[in-house]
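Undergrad: sequence plus the predicted model coming up.
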Protein chains: 2
Amino acid sequence: MFVNASTLSDPSPSLVRRERLKAETRQAILDAARELFVTVGIEATTMRAIASKIGYTATAIYHHFRDKDALIEELCVADFTALGQAMYRIGRIEDPVDRLRKLGIAYAEFALANQSQYRFMFMTPQRHIPLDSYGMPVQKPDEDAYEFLFQTVSEGIDSGRYRSELSNPHEVSQMMWAGIHGVISLWMTHCDDKYIAWHPPIETIRTLIDTTIRGALRTPPA
Amino acid sequence: MFVNASTLSDPSPSLVRRERLKAETRQAILDAARELFVTVGIEATTMRAIASKIGYTATAIYHHFRDKDALIEELCVADFTALGQAMYRIGRIEDPVDRLRKLGIAYAEFALANQSQYRFMFMTPQRHIPLDSYGMPVQKPDEDAYEFLFQTVSEGIDSGRYRSELSNPHEVSQMMWAGIHGVISLWMTHCDDKYIAWHPPIETIRTLIDTTIRGALRTPPA
DNA sequence: GGGCCGACTTGACACCGTTAGATGGCAAAA
DNA sequence: TTTTGCCATCTAACGGTGTCAAGTCGGCCC
């Protein structure tokens, strides 16, 4: 198929400018939506509210996003990337057991620092994870948090430091992940229940990680 | 104030009959709501759908329940009672460590068998727990699941079988609870994510409980 | 300078939870 | 037997939601 050279090498300046403007409004929508989601909650923010925050009509949003879910999803992708990078920053601590511990703490800190985002990343039914045309998730492995965890657990198992019952890396990964997630999500949904004396979640998580790892090691430290 | 004796001892039969009828419709509403909540989800079931399921108009519901939240709450109370009874059925296993293990399994089995209920008991912001006029939760201690857990953990700590770091019964209770809750809630919201090879949640929970308890004991079994 | 394109608005639709007022049937009173 | 009154239910509506079809209007291209 013939393609005009200028289309590729030198798009008209006005077109470039118009696309830049469009990208800017798109970003403005995302920013407004993010702030509202965080402050009043995702269910309670309306398309009309997002739009009027930046001087538009609700229907204008539909020129940039298919629907409200697509808008949520876009923000979610950014959050998954941020989480992945927080994991990545743990870097390659050599000892897989120590790395697992640090990974858990980093995950918990991310969740507690970005509660609103965390809520719709992991506490609402799946959707929010973008899939490519083959139905596989689009996500650079470098930024896939579960992959990090799984890798770290696998190395620990391979190194022979965990008890023989804990031979399934998926089970162990999910056990560790779920424990931390449980503390966070339970606290987030029930922290102002009067009938429970809540212990600070980050401390509970630290204790949980230590206890679980101790119970998982073949020869726990004295 | 003068009260006619017949009002107390012998209310007119027709009045009794009318009240029974009213109670029956009330129950029909609860049943219809429960089924819809379970099948299509709590957000997606409309007052109109609940009503039409039993041949009424949506507004009829408002003569039996203040609003949709009150309807949800009523169902929730029943579920908390059922959970408490499931805990109670564990009975007084003498060994507090063994009892903790059994309590965890029973909790998980209840959650997995009543997923829809579990979702709005523990995975949505607090509300749903009825408070009395003093702001304290109305719940018979016999049926308070957290109290059971806390009691069991406390006994374990008092018996001196847990490591000295684990001296705060609230922290330990919340750690155990959250671990199990985490497996369940993560699985419930993400079980059909394609990019994670989910291990059966009940097995993960069993392993988690065993591992955590092992890590918590001063002298774990060989 | 005329036509086109596309970002945005207007106005509407269907549906939601919820309320005020009408309806109709049954029980007690006269 | 007739009248009265109560009360469970319905009809109609309100303000809100996400979303869509059609119109407007300004800037770019030929």
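TA: Yep, that arrived.
Undergrad: every contact and neighbour count from this point should use C-alpha atoms.
TA: Noted.
Undergrad: which residue does chain A have closest to DNA strand D?
TA: DNA strand D sits closest to A:Thr46 of chain A, with a gap of 3.1 Å, by Cα to the nearest atom of the strand.
Undergrad: starting at the chain centroid, how far to stretch A:32-41?
TA: Here the centre of mass of C-alpha atoms in stretch A:32-41, compared against the chain's by Cα atoms, centre = their mean, to the nearest Å, lies 17 Å away.
Undergrad: just stretch A:67-86 next, same as before
TA: Here stretch A:67-86 is found 7 Å from its chain centre; the criterion is Cα atoms, centre = their mean.
Undergrad: pLDDT (mean, whole number) over that stretch?
TA: For stretch A:67-86, the mean per-residue pLDDT is 91.
Undergrad: how about that stretch, does it reach DNA strand D?
TA: Yes. Counting by Cα under 7 Å from any atom of the strand, DNA strand D has neighbours in stretch A:67-86: A:Asp67, A:Lys68, A:Asp69.
Undergrad: that older thread, can you report how many residues neighbour the residue of chain A closest to DNA strand D?
TA: Summarising burial for A:Thr46: neighbours were counted as other Cα atoms under 10 Å in any protein chain shown, giving 15.
Undergrad: give the contact list for it.
TA: Residues in contact with A:Thr46 (Cα atoms under 8 Å, 6 or more residues apart in numbering or on different chains): none are found.
Undergrad: next up, phi/psi of it, please.
TA: Geometry field for A:Thr46 lists phi and psi as phi -100, psi 160, criterion degrees, to the nearest 10.
Undergrad: now for the longest helix along chain A, which elements pack on it?
TA: In chain A, assigned by DSSP state H, the helix with the most residues is helix A:13-40. Helix A:13-40 sits against helix A:47-53, helix A:68-89, helix A:115-122, with contacts defined as 3 or more Cα pairs under 8 Å, 6 or more residues apart in numbering or on different chains; DSSP states H and E.
Undergrad: need the winner for burial among those.
TA: helix A:115-122 (a mean of 20; mean count of other Cα atoms under 10 Å in any protein chain shown).
Undergrad: quick one: average pLDDT of whichever helix or strand comes after that helix?
TA: Downstream of helix A:115-122, the first helix or strand assigned by DSSP states H and E is helix A:145-158. If you average the pLDDT over helix A:145-158, you get 94.
Undergrad: show me which positions of helix A:145-158 end up buried.
TA: Buried residues in helix A:145-158, counted by 16 or more other Cα atoms under 10 Å in any protein chain shown: A:145-157.
Undergrad: got it, and stretch A:213-222?
TA: In terms of neighbour count (16+ other Cα under 10 Å), stretch A:213-222 has its buried residues at A:Ile213, A:Arg214, A:Gly215, A:Ala216, A:Leu217.
Undergrad: pipe the helices and strands packed on helix A:13-40 into CSV and attach distance to A:Leu100 per row.
TA: Written out in CSV, the entries for these read as follows (distance: least, Cα to Cα, whole Å):
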stretch, distance to A:Leu100
helix A:47-53, 40
helix A:68-89, 10
helix A:115-122, 20
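Undergrad: centre-most residue in chain A?
TA: A centroid search over chain A (Cα atoms, centre = their mean) returns A:Phe80, at 3.1 Å, as the residue closest to the centre.
Undergrad: that residue and chain B, how far apart?
TA: Using Cα to the nearest Cα, to the nearest Å, one obtains 14 Å as the distance from A:Phe80 to chain B.
Undergrad: kindly report the same for A:Val40.
TA: On the measure of Cα to the nearest Cα, A:Val40 and chain B end up 14 Å apart.
Undergrad: same question for A:Arg218.
TA: Counting by Cα to the nearest Cα, the separation of A:Arg218 from chain B is 11 Å.
Undergrad: let me see the contact set for the spatially closest residue to that residue that is not a sequence neighbour.
TA: Leaving out its chain neighbours, the residue that sits closest to A:Arg218 by Cα to Cα, 6 or more residues apart in numbering or on different chains is A:Arg163, at 4.5 Å. A:Arg163 is in contact with A:Ala216, A:Leu217, A:Arg218, counting by Cα under 8 Å, 6+ apart.
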